[in-house]
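J.: here's a sequence, model it:
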Amino acid sequence: MNTKISKYYDKKQAEEYETRRGKTQAWHVESEVFNEIKNRIATKYNNNMDVLDVGAGTGRWMLDLNDVASKYVVTDISENMLVYAKERLNYCSEEFKKNTQIIASSVEQLPLHVNGKFDLIIMTRFLSFFSITEIKNIMKIIRNYTKGDVVISLRVTDKKKNILSEALNLIIKSPIGAIKRYQKSGKLSYAGLDSEYHNAILESGFCVKKKNVVVKEKYNRYEYWELTLDQKNN
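T.: Below is the predicted model:
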């Protein structure tokens, strides 16, 4: 598994994570897209869902789930990021606090820390750090925890040349930024081919119900995918 990301988020990086991103339009549009999906799924469960948030970082979605989650399990490999998730929990209702667990764990070690199945599993700003092979392995682990609904985010493109162009553009325009990105994830582009991601999801026993575009950029687009179990394989 990609371990660079856990080492990257030291205390300073964790502290600045949302401060820097929260100023962008994409961050706000992403919140709107997430909440539209979340509200639609929550209606199925009468606003009473068991939720697993994998790679939750600072617990960004905690306040958005406060009124619809009867159980909320937050996991992340970075203990520095989870410090801020614990602080965010203070702004939630007492009932929500009582039913929330915050666990420092990598995704492959989830079976050691998390039990049960969940109505909704969230993995946002997470999977793009991993290779296709790693994503298949992650999704196979997630299959053991889901009752049906999974929401993931991915940065995708339809042409491989766009990935190379983005990487080259980053190196030319911001060499320091390119170094930091590589130190963080081992990649110069977070984008992957839509078709490769789609096939990886299918091979892992899931169906793609809907792809929601958050933002389109020059070389790629950022999307939220709604998944469900492929009943033929379960």
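
J.: right, and the helix or strand after the lowest-mean-pLDDT helix or strand in the chain?
T.: Counting by mean pLDDT, DSSP states H and E, the chain has its least confident helix or strand at helix 4-8, which shows a mean of 56. Once the chain leaves helix 4-8, the next helix or strand it forms, by DSSP states H and E, is helix 11-21.

J.: list the contacts of the very next helix or strand once past that next one.
T.: Scanning forward in sequence from helix 11-21 by DSSP H and E, the next helix or strand is helix 25-44. Contacting residues not belonging to helix 25-44 are listed as 21, 49, 61, 64-65, 68, 119-120, 124, 149, 151, 153, 212, 214-215, 222, 224, 226 [CB atoms under 8 Å, 6 or more residues apart in numbering]. All C-beta spots, glycine's among them, are computed from the backbone N, C-alpha and C.

J.: at 7 Å instead, please
T.: The contact list for helix 25-44, computed with CB atoms under 7 Å, 6 or more residues apart in numbering, reads 21, 49, 61, 64, 68, 120, 149, 151, 212, 214-215, 222, 224, 226.

J.: so how far is that helix off the chain centroid?
T.: 13 Å (CA atoms, centre = their mean, to the nearest Å).

J.: need the contacts of helix 25-44 in TSV (columns: pLDDT).
T.: TSV is the format used below for those (pLDDT from 0 to 100):
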residue	pLDDT
21	76
49	97
61	97
64	97
68	98
120	98
149	97
151	98
212	98
214	97
215	95
222	96
224	98
226	98
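
J.: of these, which belong to helices?
T.: 21, 64 (DSSP state H).

J.: gap between the residue located most distally from the centre of the chain and residue 188?
T.: Relative to the centre of the chain, and counting by CA atoms, centre = their mean, the farthest-placed residue is residue 172 at 28.8 Å. Taking CB to CB, to the nearest Å as the measure, residue 172 falls 12 Å from residue 188.

J.: cool, residue 36 as well?
T.: Distance from residue 36 to residue 188, by CB to CB: 32 Å.

J.: quick one, which of those two is more surrounded?
T.: When neighbours are counted by other CB atoms under 10 Å, residue 36 and residue 188 differ, and residue 188 comes out ahead with 18 against 12.

J.: dump the residue contacts of the more buried one.
T.: Residue 188 neighbours (CB under 7 Å, 6+ apart): 167, 170, 178, 181, 182.

J.: out of the residues you listed, which end up buried?
T.: 167, 170, 178, 181 (16 or more other CB atoms under 10 Å).

J.: would JSON lines of the residues you listed with secondary structure and pLDDT be doable?
T.: Converted to JSON lines, the buried ones among the contacts of residue 188 look like this (DSSP: H, G, I helix; E, B strand; the rest coil; pLDDT from 0 to 100):
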{"residue": "167", "secondary structure": "helix", "pLDDT": "91"}
{"residue": "170", "secondary structure": "helix", "pLDDT": "89"}
{"residue": "178", "secondary structure": "helix", "pLDDT": "85"}
{"residue": "181", "secondary structure": "helix", "pLDDT": "81"}
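
J.: farthest pair within the residues you listed?
T.: Of all pairs drawn from the buried ones among the contacts of residue 188, the greatest distance, 9.1 Å, lies between 167 and 181 (CB to CB).

J.: what pairs with residue 221 across the strands?
T.: For residue 221, the beta-bridge assignment (DSSP bridges) gives partners residue 156, residue 216.
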